[in-house]
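> Build me a model:
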Amino acid sequence: GCAPSPAAHQPGSATTLQTPQAAGGHTARPVYRGGSLWDVGSVQRTISGQPVSAVRWMQLNVATWPATPTFLQDQFIAAGAIDHFYPAIMADASNNAFLVYGRSSTGGEFASAYVTGRAAADAVNTLSTAALLQAGTAALGGTSPAPFGQYFSAALDPDDGGVWVVGQYAASATTVGAWVGNLSGPQKLTVIKQGNGTGTVSSVPAGVACPTDCTEFYDAGVGVTLTATPAAGSYFTGWGGACGGLGATCDVVMDRPRSVNAGFALQSVIKFSAASYSTTEPASVTTNASITVTRTGGLHAGVTVQFA
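Okay, here's the model as predicted:
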């Protein structure tokens, strides 16, 4: 466990700010995504002998619940003489994580809102460099600790899979403001090969080279063109999932995680010695064609092929 976070400090003022624990409890909401539980909180850390309010963020593996959860990631956002507080977290469908939180210091920073995050493929226990969402402009007055933190939240957009965040900042000595931001991270593209044939699927921009590499992350909103190339003795039967049709290429927009099926089937070899016979060949993903082969002469004579 961690000690409760102390009240946050402001430059040029004796008035401190409430943090979640200073205000009486934990307010962040944990988020479940793909077998992981993400959570954040304000805690106390001691840096160079000085206690500061810090953000603790973590990812727990709960995929085997009710087995005991295990930590996948567990780290702090903390710095000497700087307070970090009121974090909120959200993870998208690709398991990219986004955080919004408040920050202030005695060294000159009024209560401001910041965002940070990590892509699912980033190194464990790392976050991107924090970005300022909105700067505070004054030290809040009043009785210490002054109320703060009513407007920190993060939510998933059900339409495009992005993340909306709200952060609070000191707008004046007597008022606070809230700033809204829209964030997105790399989205996962998965290609699934189907059928008994062989072939490859490649992408532009580069990344997918299936069956060797069938999963790739692309920046949100990027258009990706997939190309199916059957191997000798096989043919392409069509796309499925986020793509459709029988053409060699398909286009997907990575505004969310995408899964594409690519079908390959073995070509049939027709051998015959009788005067005539019939067989059925797959013609597309959904229909069949009947083929009748009739020998019209001797061993080296031609044949007649009729499609029905």
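
> Return the residues in contact with Gln168.
Contact criterion Cβ atoms under 8 Å, 6 or more residues apart in numbering gives 86, 102, 111, 113, 148-152, 176-179 as the residues in contact with Gln168. In short, each C-beta sits where N, CA and C put it, glycine included.

> between those, which is nearest Leu266?
When the contacts of Gln168 are compared for distance to Leu266, the smallest value, 57.6 Å, is given by Phe152; criterion: Cβ to Cβ.

> any idea how far Ser259 is from the closest one?
Spatial separation of Phe152 from Ser259 under the definition Cβ to Cβ, to the nearest Å is 34 Å.

> Equivalent analysis for Ile192, please.
Taking Cβ to Cβ as the criterion, Ile192 is separated from Ser259 by 7 Å.

> okay, and the common contacts of these two?
Between them, Ile192 and Ser259 share these contacting residues under Cβ under 8 Å, 6+ apart: Gly241.

> what residue lies at the spatial centre of the chain?
Ser94 (2.5 Å; Cα atoms, centre = their mean).

> which stretch of helix or strand covers the nearest residue in space to it that is not next to it in sequence?
Counting by Cβ to Cβ, 6 or more residues apart in numbering, the nearest residue to Ser94 once its immediate chain neighbours are dropped is Lys188, at 4.5 Å. Secondary-structure assignment from DSSP states H and E places Lys188 in strand 187-194.

> what is the residue lying closest to Ala130 once chain neighbours are set aside paired to in the beta sheet?
On the basis of Cβ to Cβ, 6+ apart, the spatially nearest residue to Ala130 that is not a chain neighbour turns out to be Thr116, at 4.4 Å. Here Thr116 sits in beta bridges with Leu99, as judged by DSSP bridges.

> give the contact list for Thr116.
In this structure, Thr116 makes contact with 77, 98-99, 127-131, judged by Cβ under 8 Å, 6+ apart.

> could you pull out the helices for the stretch 101-250 of the chain?
For the stretch 101-250 of the chain, helices defined by DSSP state H, counting those that start in this stretch do not occur.

> so where is it shaky, pLDDT-wise?
For the stretch 101-250 of the chain, not a single residue meets the criterion pLDDT under 70.

> just the strands in it please.
Assigned by DSSP state E, counting those that start in this stretch, the stretch 101-250 of the chain shows strands spanning 112-118, 131-134, 153-156, 163-170, 176-183, 187-194, 199-204, 209-210, 215-218, 223-230, 234-241, 249-253.

> Distance to Leu72 added to those strands, as TSV?
Compiled in TSV, the strands of the stretch 101-250 of the chain are given as follows (distance: least, Cβ to Cβ, whole Å):
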stretch	distance to Leu72
strand 112-118	12
strand 131-134	24
strand 153-156	19
strand 163-170	20
strand 176-183	21
strand 187-194	17
strand 199-204	29
strand 209-210	27
strand 215-218	18
strand 223-230	28
strand 234-241	28
strand 249-253	29
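
> To Asp39, which of those strands lies closest?
The minimum distance between Asp39 and the strands of the stretch 101-250 of the chain falls on strand 153-156, with 12.2 Å, by Cβ to Cβ.

> Neighbouring strands - and their directions - for that closest one?
Strand pairing for strand 153-156, determined by DSSP bridges: strand 163-170 (antiparallel).

> buried stuff in stretch 78-98?
Under the neighbour-count criterion of 16 or more other Cβ atoms under 10 Å, stretch 78-98 has 78, 82-92, 94-98 buried.

> so what's Ser202 bridging to?
Here Ser202 sits in beta bridges with Ala209, Thr227, going by DSSP bridges.

> Count the neighbours of it for me.
Burial measure for Ser202: 17 neighbouring residues, criterion other Cβ atoms under 10 Å.

> how near is it to Ser128?
For Ser202, the distance to Ser128 under the criterion Cβ to Cβ works out to 30 Å.

> Now do the end-to-end distance for stretch 124-132.
The first and last residues of stretch 124-132 sit 23 Å apart, counting by Cα to Cα, to the nearest Å.

> List of residues touching it?
Contacts made with stretch 124-132 from outside it, assessed by Cβ under 8 Å, 6+ apart, are listed as 57, 72-75, 77, 99, 112-119, 122.

> let's see 10 Å
55, 57-59, 71-77, 84, 97-99, 101, 103, 109, 112-119, 122, 167, 169, 179, 181, 183, 185 (Cβ atoms under 10 Å, 6 or more residues apart in numbering).
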